[in-house]
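Peer 1: Build me a model from this:
(chains A and B)
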2 protein chains.
Amino acid sequence: MIGIFDSGVGGLSVMKELITTLPDYQITYFGDTARVPYGNKSKETVTRYALEDANFLIKKGAKLIVVACSTATALALDTLTKKLDIPVIGVAEPSIKAAIEATRNNKIGVIGTKGTIGSKIYQKLAKKINPKVKIYPQSCPLLVPLVEENWIKKPETRRILKKYLRPLKTAQVDTLILGCTHYPLLEKTIQEIAGKRITLISPGKETAKAVQKLIDNNSDLRKSLKKKKKYRFYASDTSGEFKQIGNRFLGRRIGKLAKANVENL
Amino acid sequence: MIGIFDSGVGGLSVMKELITTLPDYQITYFGDTARVPYGNKSKETVTRYALEDANFLIKKGAKLIVVACSTATALALDTLTKKLDIPVIGVAEPSIKAAIEATRNNKIGVIGTKGTIGSKIYQKLAKKINPKVKIYPQSCPLLVPLVEENWIKKPETRRILKKYLRPLKTAQVDTLILGCTHYPLLEKTIQEIAGKRITLISPGKETAKAVQKLIDNNSDLRKSLKKKKKYRFYASDTSGEFKQIGNRFLGRRIGKLAKANVENL
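Peer 2: Okay, here's the model as predicted:
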């Protein structure tokens, strides 16, 4: 089984892409809704949470962990990779690789939560892959609540987006990484404001491709994953809104949602 | 010592009023920043967190607990009162009492998080005190992130506030409870949008008065509280922003901030 976790409901936008790219595999999702969000918490706290989340999925049978949360990827992927015995894939590296392939002027913008942007993960990764690339980061802390409120088409959201994107347009980035699980839901508005010349990179799609590549290249892993169209959903807080918001992110209906307490696992 | 807790940094606006009203007492603050916010979580989760928060303060020597968080008051005060051996005061009852005293047309508006508004706590309390009073609730989930971003004077915040307050103005409420620790920081803008005829009720001020009354009427409690101007601050995640945002809420500088892990206490 492929295990995927996120701080909350947002990672379902990544799971959606996993299902599209790898329709034959069993996937289990965990959303840490009792402690959401991660974006404004410290590296220490986010790392502790991410380890608990991953260990929960491993206990459920995961042979591969996808970190759908950008903040957890930025702050905890190193520790997860070191401490876990199974492969772990985050959303940052596939995104930056795709962005570096897409850019023509080597100016790449990244939008994300405070935690993601503050970690400078994209700068660090870009430096390794192509030191000529310049990253323009912009933290957008209000976008997550706006998406969760479903204010996607409201003029207030457009105004706030314009404000956030202005410095990136001024810097003339030609590629923009949507560095948070919630942002693909704003993709249309972001593209309108950014203009047609800016290529948007969606971490979910790129991560799904990276997972496929990993599975294709690793026959042991491939054999250990159950080929079965079965999707399971767990959350640490199963209040009414998870399904309601989650259906939008997943693009299909979430079936049963089970509660999981992962604290101090 | 008086113990006061909140889901995060917001409760410092209540502590500010406690210090003003009761300047001679020792007060210890705990902010559950590792699990903030509570406003979008379930009754079960918030109750568990609130018990852990209160027990942490009791272990530190609290003889009286102030629940500064509106959501925790709404969802967990009953359980706290039942399970703890010391007095517990929440922010809802003092606010509704003050609002009922202030209203002339018996139409009271309440703004708060989804958790607070969904709990119908103000309707339940009002019904007990004066069944003639009608409560007009409005959840305002975007205000907390806007305040934390310090977008207090931005036009986007004013637009969003206007949208939230419109139904309450249409309903002709003459009194409005600012039912979340973050809202007093928007008091000026809210008053401007609401108009001079609407009386704003600030839970911090009313709760501080209720705490004073309780201490005045209970000599055993009074004796057990240390009369000492000493303020201590704990948080479950001590990232850089707590002090930065907290100083604004408290209206003075936070000294030392200690880390506390309260999970499964």
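
Peer 1: What is the neighbour count of A:Gly195?
Peer 2: Using other CB atoms under 10 Å in any protein chain shown, A:Gly195 has 10 other residues around it. Where you see a C-beta, it was placed from the backbone N, CA and C, and this is true even at glycine.

Peer 1: With adjacent residues omitted, what lies nearest to it?
Peer 2: Once flanking residues are discounted, A:Gly195 sits nearest to A:Lys169: 7.4 Å by CB to CB, 6 or more residues apart in numbering or on different chains.

Peer 1: Kindly provide the distance from that neighbour to chain B.
Peer 2: 18 Å (CB to the nearest CB, to the nearest Å).

Peer 1: just checking, that residue touches A:Arg197?
Peer 2: No - assessed by CB atoms under 8 Å, A:Lys169 is found out of contact with A:Arg197, at 10.0 Å.

Peer 1: neighbour-wise, which of the two wins?
Peer 2: Under the criterion of other CB under 10 Å, the comparison of A:Lys169 against A:Arg197 puts A:Lys169 first, with 16 against 10.

Peer 1: Could you pick out the residues of the stretch 1-150 of chain A near chain B for me?
Peer 2: Residues of the stretch 1-150 of chain A found near chain B (CB under 8 Å from any CB of the partner chain) are A:33-36, A:40-42, A:44-45, A:141-142, A:144-146, A:148-149.

Peer 1: For the one residue in the stretch 101-250 of chain A that gets nearest to chain B, give me its contacts.
Peer 2: Taking CB to the nearest CB as the measure, the stretch 101-250 of chain A has A:Ser239 as its residue closest to chain B, at 4.0 Å. By CB atoms under 8 Å, 6 or more residues apart in numbering or on different chains, the residues touching A:Ser239 are A:33, B:40-42, B:45.

Peer 1: got CSV for those residues, with secondary structure, neighbour count and pLDDT too?
Peer 2: Shown next, in CSV, are the contacts of A:Ser239 (DSSP: H, G, I helix; E, B strand; the rest coil; neighbours: other CB atoms under 10 Å in any protein chain shown; pLDDT from 0 to 100):
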residue, secondary structure, neighbour count, pLDDT
A:Thr33, coil, 27, 96
B:Asn40, coil, 23, 86
B:Lys41, coil, 27, 92
B:Ser42, coil, 21, 92
B:Thr45, helix, 23, 95
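
Peer 1: Compile those into a markdown table and extend it with columns for distance to A:Thr73.
Peer 2: As requested, the contacts of A:Ser239 are arranged in a markdown table below (distance: CB to CB, whole Å):
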| residue | distance to A:Thr73 |
| --- | --- |
| A:Thr33 | 18 |
| B:Asn40 | 23 |
| B:Lys41 | 24 |
| B:Ser42 | 27 |
| B:Thr45 | 25 |
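
Peer 1: Mind picking the one among those that's closest to B:Lys128?
Peer 2: Nearest to B:Lys128, judged by CB to CB, of these is B:Ser42 at 24.8 Å.

Peer 1: Off-centre distance for stretch A:82-101?
Peer 2: 11 Å (CA atoms, centre = their mean, to the nearest Å).

Peer 1: Straight-line length of it, end to end?
Peer 2: 28 Å (CA to CA, to the nearest Å).

Peer 1: Stretch A:187-207 too?
Peer 2: First residue to last in stretch A:187-207 (CA to CA) measures 17 Å.

Peer 1: I'd like the distance between A:Lys153 and B:Gly240.
Peer 2: 35 Å (CB to CB, to the nearest Å).

Peer 1: so which pair among the residues of the stretch 1-150 of chain A next to chain B is furthest apart in space?
Peer 2: A:Glu44 and A:Glu149 (29.8 Å).

Peer 1: Tell me the helix or strand right after the lowest-mean-pLDDT helix or strand in chain A.
Peer 2: Of all the helices and strands that make up chain A, helix A:241-250 has the lowest average by mean pLDDT, DSSP states H and E, namely a mean of 89. Next along the chain after helix A:241-250, taking DSSP states H and E as the criterion, comes strand A:257-259.

Peer 1: Surely A:Val211 touches A:Tyr25?
Peer 2: No - A:Val211 is beyond contact range of A:Tyr25, at 9.1 Å (criterion: CB under 8 Å).

Peer 1: Quick check: neighbours shared by these two?
Peer 2: A:2, A:18.

Peer 1: and the nearest residue to A:Gly11 once chain neighbours are set aside, backbone torsions?
Peer 2: Of all residues not flanking A:Gly11 in the chain, A:Ala68 sits nearest, at 3.0 Å (CB to CB, 6+ apart). Main-chain dihedrals, A:Ala68, degrees, to the nearest 10: phi -80, psi -20.

Peer 1: same check, this time on A:Ile65
Peer 2: phi -110, psi 130.
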